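1. how does the following fold in three dimensions:
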Amino acid sequence: MKIERVQGTVFEYLSKRCTDSAGHSHPGPEQRARLAMLTITTDDGHRGHAFGPVEVIRPHVLEAFARKVLVGQDPFDRERLWQDLEHWQRGSAGQLTDRALAVIEQALWDLAGRALGVPVYKLLGAYRDKVPAYGSTMCGDQLEGGLATPDDYAAFAEQLVGRGYKAIKLHTWMPPVSFAPSVSMDIKACAAVREAVGPDIALMLDGYHWYSRTDALTIGRALEKLNFAWFEEMMNEQSIASYAWLAGQLDIPIVGPESISGKHHSRADWAVAGACDILRAGVPGVGGIGPTMKVAALAEAFGMDCEVHGNGAANLAVTAAIKNCRWYERGLLHPFLDYDEVPAYLNSLPDPMDADGFVHLSQQPGLGEDINFAYIEANTVARY
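-> Take a look at the predicted model:
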């Protein structure tokens, strides 16, 4: 079996999400959005698919890097192919990003699972077939009845608990919201949610990414009194020293790093430096399923949990394949949006949740995404 073709397909679909000037998601009027699907095809007809942003899966990325490395190769040689692609990042002038690398590698995993008739989470070495989820909110806004006030967060948290979630993570207000960032508003929102849901629901905070040390310490001490489960990305992650300092001041677990580059290598530095209590990795952010599994193994060796950042089929597969991850991140959630509404390019959700707050793993071969190929074909705007 050899890889014969690597193809990108850009299609349109209707979305009720928009992004603000800082890139944060919020609900908005229904509009046409674009998404890319990468397809890897072998000479005997097997295929693997993975979705990614259009700006990540660009024609030049496929032509200059993906095809150069993959075509003519055995698709089951994932580690070697990943290493060969990663080697090209040094001279790619930032064009072959970790997110692009992750999409390519996901398609290889999906192809392997489909060819063998096995879900990817089982190829990884399944630890479980259902995972408890936490509801992860969108960032705060100034929409009436949305997430504009601490009381709004409290009311929404009650809805999420009623839906079955046993844990909730707040993303609070960030610029361009007029009053953000605000230490006092963040603390008020966290206090309102704790009062609304009671002591038995696990709560987490993902705060403003550029708070100072002292502001982060103030919030962290408030979260300790509210018995929050963890505190996440509250400062610039390029400063490992700042996180090591904060972790030494607080009892609440610090989770990180989320967005810093460096794949599993930088996560090792964080563990050694004592900059976090729980390691963080997500498939798009660290360049694929393989490096995310490496972070999880690294965390386990240090006696640490590894919480997987973000939703989606690939992150769910990793979460189900490792022991040292407590939750699956389900979101982003907002009172004006129905997360359980299936997007038109899929036939079903990749992460359905039951009434007890567990997400069940698909037993379909591959990543478990039930793709609506007919819809994608009818709404394709570009192929390359």
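2. just give me the neighbour total for residue 380.
-> Around residue 380 there are 13 other residues, counting by other CB atoms under 10 Å. C-beta here means a position set from N, CA and C on the backbone, and glycine is covered the same way.
3. what's the answer for residue 260, then?
-> Using other CB under 10 Å, residue 260 is surrounded by 20 other residues.
4. same thing with residue 21?
-> 7.
5. so what pLDDT did residue 337 get?
-> pLDDT, residue 337: 98.
6. ok, now residue 94?
-> We have a pLDDT of 87 for residue 94.
7. tell me the SS of it?
-> Under DSSP: H, G, I helix; E, B strand; the rest coil, residue 94 falls in the coil class.
8. what about it, distance to residue 61?
-> Per CB to CB, to the nearest Å, residue 94 is found 11 Å from residue 61.
9. now do residue 35
-> If you go by CB to CB, the gap between residue 35 and residue 61 works out to 16 Å.
10. repeat for residue 54
-> Using CB to CB, residue 54 is found at 11 Å from residue 61.
11. neighbour-wise, which of those two wins?
-> More neighbours surround residue 61 than the other of residue 54 and residue 61, with 24 against 15 (other CB under 10 Å).
12. next up, the contacts around residue 4.
-> Contact analysis of residue 4 by CB atoms under 8 Å, 6 or more residues apart in numbering lists 41, 42, 43, 71.
13. that's a strand at it, yeah?
-> Yes: using three-state DSSP, the secondary structure at residue 4 is a strand.
14. contact partners for the residue positioned nearest the centre of the chain?
-> Centroid check for the chain by CA atoms, centre = their mean gives residue 310 as the closest residue, at 1.9 Å. Counting by CB under 8 Å, 6+ apart, residue 310 makes contact with 282, 283, 284, 285, 329.
15. pretty sure the first one contacts residue 306?
-> No: under the contact definition of CB atoms under 8 Å, residue 282 does not touch residue 306, with a separation of 10.3 Å.
16. so for the two, which residue has more residues nearby?
-> With neighbours defined as other CB under 10 Å, residue 282 and residue 306 compare such that residue 306 has more, 27 against 21.
17. return the distance of the more buried one relative to residue 73.
-> For residue 306, the distance to residue 73 - CB to CB - is 30 Å.
18. does residue 381 count as helix, strand or coil?
-> At residue 381 the chain is in strand, as set by three-state DSSP.
19. next up, identify which helix or strand the closest residue in space to it that isn't next to it in sequence is on.
-> Spatial nearest neighbour of residue 381, chain neighbours left out: residue 10 (5.4 Å); criterion: CB to CB, 6 or more residues apart in numbering. Assessed by DSSP states H and E, residue 10 sits inside strand 3-19.
20. list the pairing partners of that strand within its sheet, with orientation.
-> Using DSSP bridges, strand 3-19 pairs in its sheet with strand 25-42 (antiparallel), strand 380-383 (antiparallel).
21. closest one to residue 232 among those strands?
-> Judged by CB to CB, the one of the strands paired with strand 3-19 that comes nearest to residue 232 is strand 25-42, at 16.9 Å.
22. in the strand holding residue 10, what's buried?
-> Neighbour-count burial for strand 3-19, counted by 16 or more other CB atoms under 10 Å, picks out 3, 4, 6, 8, 9, 10, 11, 12, 13, 15, 16.
23. all strands of the stretch 251-384 of the chain, in order?
-> All strands of the stretch 251-384 of the chain, identified by DSSP state E, counting those that start in this stretch, fall at 254-256, 278-281, 306-308, 328-333, 358-360, 380-383.
24. can you tell me which helices and strands the second one packs against?
-> Packed against strand 278-281, as judged by 3 or more CB pairs under 8 Å, 6 or more residues apart in numbering; DSSP states H and E, are the following elements: strand 254-256, helix 263-273, helix 289-301, strand 306-308.
25. and these, which is most packed in?
-> Counting by mean count of other CB atoms under 10 Å, strand 306-308 has the highest mean neighbour count of the helices and strands packed on strand 278-281, with a mean of 28.
26. hmm, who's touching that one?
-> The contact list for strand 306-308 (CB under 8 Å, 6+ apart) reads 230, 255, 278-283, 292, 295-296, 298-300, 315, 318-319, 322, 324-329.
27. which stretches of this protein have low pLDDT?
-> In the predicted model of the chain, no residue satisfies pLDDT under 70.
28. show me where it has helices.
-> Here the chain has its helices, by DSSP state H, at 59-61, 67-70, 78-89, 98-116, 120-123, 150-163, 183-197, 213-225, 240-249, 263-273, 283-286, 289-301, 313-321, 373-378.
29. by neighbours, which of the contacts of residue 310 wins?
-> Neighbour-wise, the contacts of residue 310 (other CB under 10 Å) top out at residue 283, 30 neighbours.
30. chain neighbours aside, what residue packs nearest to that one?
-> Leaving aside its chain neighbours, residue 283 sits nearest to residue 314 (4.2 Å; criterion: CB to CB, 6+ apart).
31. cool, and residue 194?
-> Closest to residue 194 by CB to CB, 6+ apart is residue 226, at 4.7 Å.
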